[in-house]
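*Asks:* Dropping a prediction and its sequence here:
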Amino acid sequence: MAALREGWLEKTGENDKKYQKRWFVLTSDVISYHGKKGEKAKGVIDLMDIVGLKPVEGCAYFAIEITGRAYNIKAESIAVMNEWISCIQGAINKKRSIGAPQTESATVRSRNVSVVSTMSAVSRRETVLSSRRGGPGDGSDDAATAAAAAAASAAAAAASA
């Protein structure tokens, strides 16, 4: 399967919390990570299992959340982190639009991906606001931020219904 994006990122282990450099490969179905480029995958994350993509404001760290686990990732820069998040979100959206068979499991997974979309949109909005002169809290964008947060809450409530 052709890679949509690949490159070096760092991640913490499930038990070992030190960051280790890994070669990440995003395809239309999964994110795999490897000790070195071309080596067998050390781990695989199915895109349909992702329930959250959460950047840490002001730095190049983000979390890929699946039920029961969060993969803590560090990129070389905020720009690279944002590119990865955008590519992952795009792959999830495309996979969702193609549509899995409508079994109960596929419906639940589809709802989870919807929450990811909303959460990422809010996170991107917060990142943009924090990079502006004055940043969040200066009063200029408080209404827009509140509206985006309300939309995320509504989407999350609808997804869990």
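*Replies:* Looks like it came in fine.
*Asks:* going forward, measure contacts and count neighbours with C-alpha atoms only.
*Replies:* Fine.
*Asks:* Just name the shakiest helix or strand of this protein by mean pLDDT.
*Replies:* helix 104-131 (a mean of 39; mean pLDDT, DSSP states H and E).
*Asks:* Could you work out the end-to-end span of stretch 69-84 for me?
*Replies:* 19 Å (Cα to Cα, to the nearest Å).
*Asks:* Same question for stretch 43-60.
*Replies:* 22 Å.
*Asks:* Buried residues, that stretch. List them.
*Replies:* I45, L47, M48, D49, I50, V51, G52, L53, K54, P55, E57, A60 (16 or more other Cα atoms under 10 Å).
*Asks:* Greatest separation within those residues: which pair is it?
*Replies:* Taking Cα to Cα as the measure, the buried residues of stretch 43-60 span a maximum distance of 25.0 Å, between M48 and E57.
*Asks:* any idea where the strands of this structure begin and end?
*Replies:* 5-12, 19-26, 30-34, 41-46, 50-55, 61-66, 69-74 (DSSP state E).
*Asks:* Now render the ones you listed as a markdown table, adding mean pLDDT.
*Replies:* Output for those, formatted as a markdown table (pLDDT from 0 to 100):
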| stretch | mean pLDDT |
| --- | --- |
| strand 5-12 | 96 |
| strand 19-26 | 97 |
| strand 30-34 | 97 |
| strand 41-46 | 96 |
| strand 50-55 | 95 |
| strand 61-66 | 96 |
| strand 69-74 | 95 |
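*Asks:* would JSON lines of those with distance to R96 be doable?
*Replies:* Shown next, in JSON lines, are the strands of the chain (distance: least, Cα to Cα, whole Å):
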{"stretch": "strand 5-12", "distance to R96": "19"}
{"stretch": "strand 19-26", "distance to R96": "16"}
{"stretch": "strand 30-34", "distance to R96": "13"}
{"stretch": "strand 41-46", "distance to R96": "13"}
{"stretch": "strand 50-55", "distance to R96": "12"}
{"stretch": "strand 61-66", "distance to R96": "16"}
{"stretch": "strand 69-74", "distance to R96": "21"}
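*Asks:* which one of these is the most hemmed in?
*Replies:* strand 50-55 (a mean of 22; mean count of other Cα atoms under 10 Å).
*Asks:* what does stretch 16-23 contact?
*Replies:* 6-13, 33-37, 74 (Cα atoms under 8 Å, 6 or more residues apart in numbering).
*Asks:* Any chance of a markdown table for the residues you listed, columns distance to L26?
*Replies:* Listed next are the contacts of stretch 16-23 as a markdown table, based on distance: Cα to Cα, whole Å:
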| residue | distance to L26 |
| --- | --- |
| E6 | 6 |
| G7 | 9 |
| W8 | 12 |
| L9 | 12 |
| E10 | 15 |
| K11 | 15 |
| T12 | 18 |
| G13 | 19 |
| Y33 | 9 |
| H34 | 12 |
| G35 | 15 |
| K36 | 15 |
| K37 | 13 |
| K74 | 16 |
